[in-house]
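K.L.:
model the structure of this input:
(one chain, ligands or ions: 2)
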Amino acid sequence: MSRSAHPAGPRHADVVPEGHYSAPPADLNALDTKVWAHTVGRDADGVVTVGGIDVKRLAEEFGTPAYILDEEDFRIRARAWRTAFGHDADVFYAGKAFLSRAVVRWLHEEGLNLDVCSGGELATALSAGMPAERIAFHGNNKSAGEIERAVRAGVGRIVLDSFQEIVRVAHLAQSLGKRQQVQIRVTVGVEAHTHEFIATAHEDQKFGIPLAGGQAAEAVRRALQLDGLEVIGIHSHIGSQIFDMSGFEVAAHRVVGLLKDIRDEHGVELPEIDLGGGLGIAYTSDDDPREPHEIAKALTEIVSRACDAARLRTPRISVEPGRAIVGPTAFTLYEVGTVKPLDGLRTYVSVDGGMSDNIRTALYDAEYSVALVSRTSGAAPMLCRVVGKHCESGDIVVKDAFLPADLAPGDLIAVPATGAYCRSMASNYNHVLRPPVVAVRDGEARVIVRRETEEDLLRLDVG
Ligand SMILES: Cc1ncc(COP(=O)(O)O)c(C=O)c1O
Ligand SMILES: N[C@@H](CCCC[NH3+])C(=O)O
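P.N.:
Ligands and ions are numbered 1, 2, ... in the order given. Take a look at the predicted model:
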């Protein structure tokens, strides 16, 4: 689309209504390294580049909207987690954040393991060559078919989530003449400081077996008696997008407390403890995430101190970061379609995607930032709401953000930190086609998940 002239009228550069947003940034053209992938910058013409390629070229070649993923950044983050935890611990990348065959290969090469939570994720992992013993299989309602495939494939562990599942997995494994390694997922009763929909360790919810009332201890008791199972550890995941380590500390203490009770009752010291994922990332400049090495040090010390106090051998720790690895690696590239100033309110900037490629704003009230990337601008900041093209007024991508007042149709804007839970939660709402994921590295770009086509849509419509 060619850039058209602005309609006459006020651009609200100096009108700032009351609302939930920070002050305009000092420099609208600056790219905060906290929220952008490592190789992102601007070239001499002011166009944003990533992996050595400018976004105008990416838009021309692959269209918009598109998720642009910085492969180097992904590898740097994956390696940082791997290195931080060292050889006495395991890092399982949580595939639910974003999974594709290329990602599985990168993980394999960087020495990470993989957490999957459905037959589809398992199939993707296996088809890209992840060794089954490095896969953990999660889920609160795995089907019999999914369990059978996982056991047959020889996954390293199945994380059991209910009393029924303990029996189901044991029977299936036994019928296949196998003994399946399992962890038991417990809820430790922590209220994680995050959005209600993504907190998972308080008792009133669907995941895990509560420690409270001795239920988790009973689950372990039953699992230890079943020949088809080898109980290797306890699992706890307290929620997602968490910055405060105190929730992990309480969780670790409670899990170690259970390990001690198990030792006292059964004379068995379980060799593993998984503290889940959930580490927060910066979506805006206001967020301050911790580095993997700080997290690894804190978690390792908490667990070993608690074990020393309980006179237990320190178990092997594992963690399952998803967002913290892939979240910052990608941005969504959109083309501006319309710019609609509303007097005294804000300016609505409509892009060619929306809630079908990023549901997180509508679902969790998530905050994002946005930047003009196809050029720089010296215009004053204008308070904007970036919205999509869906038939829904809640179709908001970025609730409050400042963009330059000369923003016009045809400009490219990008929303950073969309690598996690955007493509993986994308939908076809309004029969909008899901965008591609384009990986860039060292001046080369390649599609790792292609754009959906109308043919794809119609293929499923067999009526
Ligand atoms: C069991 C489990 N592990 C790991 C994760 C990954 O979480 P995150 O992407 O926030 O690190 C999740 C999602 O919240 C989860 O449910
Ligand atoms: N999908 C959520 C997090 C839940 C992760 C899985 N337990 C998000 O976008 O933040």
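K.L.:
for the stretch 51-200 of the chain, which residues are neighbours of ligand 1?
P.N.:
Proximity of the stretch 51-200 of the chain to ligand 1 (Cβ under 6 Å from any ligand atom) is limited to residues A94, A97, D115, H138. All C-beta atoms are positioned from the backbone trio N, CA, C, and that covers glycine.
K.L.:
filter those down to just the ones in helices.
P.N.:
Using DSSP state H, no member of those sits in helices.
K.L.:
can you flag the buried ones in those?
P.N.:
Neighbour counting by 16 or more other Cβ atoms under 10 Å classes A94, A97, D115, H138 among these as buried.
K.L.:
could you export those residues as JSON lines, including distance to L160 and pLDDT?
P.N.:
Output for these, formatted as JSON lines (distance: Cβ to Cβ, whole Å; pLDDT from 0 to 100):
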{"residue": "A94", "distance to L160": "18", "pLDDT": "98"}
{"residue": "A97", "distance to L160": "22", "pLDDT": "98"}
{"residue": "D115", "distance to L160": "14", "pLDDT": "98"}
{"residue": "H138", "distance to L160": "10", "pLDDT": "98"}
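K.L.:
I'd like these laid out as TSV, including distance to D461.
P.N.:
Listed next are those as TSV, based on distance: Cβ to Cβ, whole Å:
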residue	distance to D461
A94	32
A97	30
D115	33
H138	32
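K.L.:
for K56, state which of these is nearest.
P.N.:
A97 (28.5 Å; Cβ to Cβ).
K.L.:
can you tell me the closest non-neighbouring residue to the closest one?
P.N.:
G322 (3.1 Å; Cβ to Cβ, 6 or more residues apart in numbering).
K.L.:
pick out the most distant pair among the residues of the stretch 51-200 of the chain next to ligand 1.
P.N.:
Applying Cβ to Cβ across those, the maximum distance is between A97 and H138, 12.8 Å.
K.L.:
what does stretch 290-306 contact?
P.N.:
77, 80-81, 83-86, 89, 243, 245, 248-249, 252-253, 256-257, 273, 275, 279, 314-315, 317, 319, 321, 324 (Cβ atoms under 8 Å, 6 or more residues apart in numbering).
K.L.:
pull the longest strand from this protein.
P.N.:
Secondary structure of the chain per DSSP state E: the longest strand is strand 330-342.
K.L.:
report the contact partners of the residue in the stretch 301-450 of the chain positioned nearest to ligand 1.
P.N.:
Nearest to ligand 1 in the stretch 301-450 of the chain, going by Cβ to the nearest ligand atom, is G322, at a distance of 2.8 Å. Neighbouring residues of G322 by Cβ under 8 Å, 6+ apart: Y93, A94, G95, K96, A97, F98, D115, G277, A420, Y421.
K.L.:
how about low-confidence regions in the stretch 51-200 of the chain?
P.N.:
192-200 (pLDDT under 70).
K.L.:
which parts of the chain sit against ligand 2?
P.N.:
Counting by Cβ under 6 Å from any ligand atom, the chain sits next to ligand 2 at K96, I198, S240, Q241, R360, Y364, Y421.
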